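[1] what's the 3D shape of this:
(2 chains, ligands or ions: 2)
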Amino acid sequence: MVRFEDVVLRYGNGPEILKRISLQFDPGSYHFLVGPSGAGKSSLLRMMYLAQHPTAGRVALFGRDVAGLSRRETALLRRRIGVVFQDFRLLDHLTARENVALPLHISGQAGGRSAKDVEELLAWVGLADHMDALPPTLSGGQKQRVAIARAVIARPSLLLADEPTGNLDDRMAVRLLYLFEELNKIGTTVVIATHNESLVERFRHPVTRLRDGEAVEFDAGPAPRPQAGTA
Amino acid sequence: MPARRPGRRPEPPDVMAAASKARGRLRKPVPLDRDVSGRYLPLLVAIMVYLAALALAGALSVNKLAARWDSGLAGALTLQIPAEAAAATDGPALDALTQALAATPGVLAVEPMDAQEMTALLEPWLGDAVVAGDLPLPRLVAVTIDTGGPPDMEALRATAQELAPGSLLDDHQRWLARLLDLARAVEIMAAVVVLLVVAAACIMVAFVTRMGLAAHNRAIELLHLIGAQDSYVARQFQNHALSLGLRGGLLGFLCALPTLYLARFLLQRIDTGLLPELRLEPHEWSLLVLLPVAAALVAMLTARITVLRTLARMP
Ligand SMILES: Nc1ncnc2c1ncn2[C@@H]1O[C@H](COP(=O)(O)OP(=O)(O)OP(=O)(O)O)[C@@H](O)[C@H]1O
Ligand SMILES: [Mg+2]
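    Numbers count the residues shown, from 1 in each chain, chains lettered A, B, ... in the order given. Ligands and ions are numbered 1, 2, ... in the order given. Modelled structure (predicted):
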């Protein structure tokens, strides 16, 4: 599903943010991406949703090398990827409902049951009373939930969530991670970048830890904790 | 009352939300209708359509005038007998001339203008002197010929010379050719004006579209990230340009109507066959009505092409 081979990333002439990252996320798998702030989690995800080209190395999605994609192919590929951006990126002039419906509108799936789906999803993330609110009138956590709903509304094959629970209380965070769990059960590959170690522990999934530009993978199970002091 | 009025200040959130809910449709993902361009573009398009409408109406009526001159004068000759010779060709001599001309094959009718006619014709210009008979006037004879089988002009001239020495047979061709040249030139100028107006409109719309692309670059980036193709983004811009262009075009067209009406009124008052009439036929009206539509389409196409080309150049 996602395959990185010796991927190097630097912005401009800056330092190498990521050095020779190789990783593979299989279809239907569920991964956490952790690492200190500034480690490059968002950068790694950006390459996965094709917003950033690697400086060197190869990125393949859905079994295709993304280097030679045309603009049209890129667009079509992105429709199969749901993204929760770290900064939400909601359109401020559209209501929560409209923001969530946007991916359906873009891929021509709007109409029919879609309005109902949007409402149900918004209700599920606890925004039944805010469907027609504009993002600037929403709290950080509420915006985040709109962003999550928008990322999953089109049932993507690959879900990339950058710090999706950063603004949520633990109860809501767990609820949303269960949503991702459900999506994962129906086949969606899920990658979540997060700081929240307790969530990582609670949901037993493979963890990729970014550190000094390198990626280290850990299997699920009783999560090995290489660092001391987190107990 | 419809809650959303494009091109105005953003309205309070709840009103807008209610509007969208009522219509059950997604509002435009790129909020172009809040740009200032929405206020200026229609005005500029209006001015351009106004100018183009005047140019087009002018060209059409000059064209018709030329056609009228052409058909009105085809087949009409004028025999001019100079004043000195006029006295000698009175009465029987004139009758003889008339008969000789009428007998020439290809001539349909010969009609000498009598003195009163001439006086009536010239009095407004030359005043009492004509009436008093002080002024030597040439004599004019109108000759109508069969355009299908015209007479031998040289023979006709010779006949006239013989019976009325010094006379001139004028087939108006030189004069007509110059008028037709003038009409042609006016038409070409009008076409150039219309083309320039179209070019200016294209440049303007392209400029406004590029500004819009820059202003909404965050929203457009997001649309791309969630899978929008360039054509989806282009659609936002082209629909916007279409509606602005249509609004401006109609405004310009509506403003052109009273102007044309006034021009027609002023021309009619002069009451001479030499000036264009500015009376347009239905099919010519439909050409004029097409102007605002064409303006809107040009705006739409320009916006689309601008967006597609600009986006294609992005990484
Ligand atoms: N557009 C950019 N231009 C230059 N440098 C950038 C850019 N985006 C990120 N960086 C740098 O890359 C590094 C990694 O940033 P990134 O956002 O990927 O970190 P992160 O792991 O997501 O951090 P956080 O947990 O705080 O979100 C940082 O040092 C940052 O300064
Ligand atoms: Mg980040």
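
[2] can you map out the strands along chain A?
    Secondary structure of chain A (DSSP state E): strands at A:2-10, A:16-25, A:30-34, A:56-61, A:64-65, A:81-84, A:158-162, A:189-193, A:207-211, A:214-218.

[3] Repeat that for the stretch 151-300 of chain B.
    Remark: strands assigned in the stretch 151-300 of chain B by DSSP state E, counting those that start in this stretch are B:168-170.

[4] Can you name the residue of it nearest chain A?
    B:Gly227 (3.5 Å; C-beta to the nearest C-beta). Where you see a C-beta, it was placed from the backbone N, CA and C, and this is true even at glycine.

[5] Any stretches of chain A with poor pLDDT?
    A:220-231 (pLDDT under 70).

[6] what residues does stretch B:29-38 touch?
    A:91, A:93-94, A:102, A:105-106, B:6-7, B:9-10, B:208, B:211-212, B:215-216, B:219-220, B:223, B:233, B:236-237, B:240, B:244 (C-beta atoms under 8 Å, 6 or more residues apart in numbering or on different chains).

[7] Endpoint to endpoint, it covers what distance?
    In stretch B:29-38, first residue to last residue: 16 Å (C-alpha to C-alpha, to the nearest Å).

[8] So for stretch A:43-53, what gets flagged as buried?
    The neighbour-count check on stretch A:43-53 (16 or more other C-beta atoms under 10 Å in any protein chain shown) flags A:43-52 as buried.

[9] Flag every buried residue along stretch B:30-38.
    Using 16+ other C-beta under 10 Å as the test for burial, stretch B:30-38 gives B:30-35, B:37-38.

[10] I should have written stretch A:177-192 there, sorry.
    Neighbour counts over stretch A:177-192 (16+ other C-beta under 10 Å) mark A:177, A:179-180, A:183-184, A:188-192 as buried.

[11] just to revisit the earlier point, so for ligand 1, which of the strands of chain A sits nearest?
    Distance to ligand 1, taken as C-beta to the nearest ligand atom, is lowest for strand A:16-25 among the strands of chain A, at 4.3 Å.

[12] could you say what helices and strands the closest one packs with?
    Judged by 3 or more C-beta pairs under 8 Å, 6 or more residues apart in numbering or on different chains; DSSP states H and E, strand A:16-25 is in contact with strand A:2-10, helix A:41-48, strand A:56-61, strand A:214-218.

[13] does ligand 2 sit close to that strand?
    No. Taking C-beta under 5 Å from the ion as the criterion, strand A:16-25 and ligand 2 are apart, separated by no less than 11.2 Å.

[14] Alpha carbons of that strand, in PDB - could you do that?
    Output of strand A:16-25 as PDB, limited to C-alpha atoms (Å, rounded to 0.1, in the frame of the first residue of the first chain):
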ATOM      1  CA  GLU A  16      18.100  16.300   5.800                       C
ATOM      2  CA  ILE A  17      14.900  16.000   7.800                       C
ATOM      3  CA  LEU A  18      14.600  12.300   6.800                       C
ATOM      4  CA  LYS A  19      17.600  10.200   6.000                       C
ATOM      5  CA  ARG A  20      17.200   7.000   4.000                       C
ATOM      6  CA  ILE A  21      13.800   6.000   5.200                       C
ATOM      7  CA  SER A  22      12.600   2.600   4.000                       C
ATOM      8  CA  LEU A  23       9.300   1.300   5.200                       C
ATOM      9  CA  GLN A  24       6.400  -0.700   3.900                       C
ATOM     10  CA  PHE A  25       2.800  -0.500   5.100                       C
END
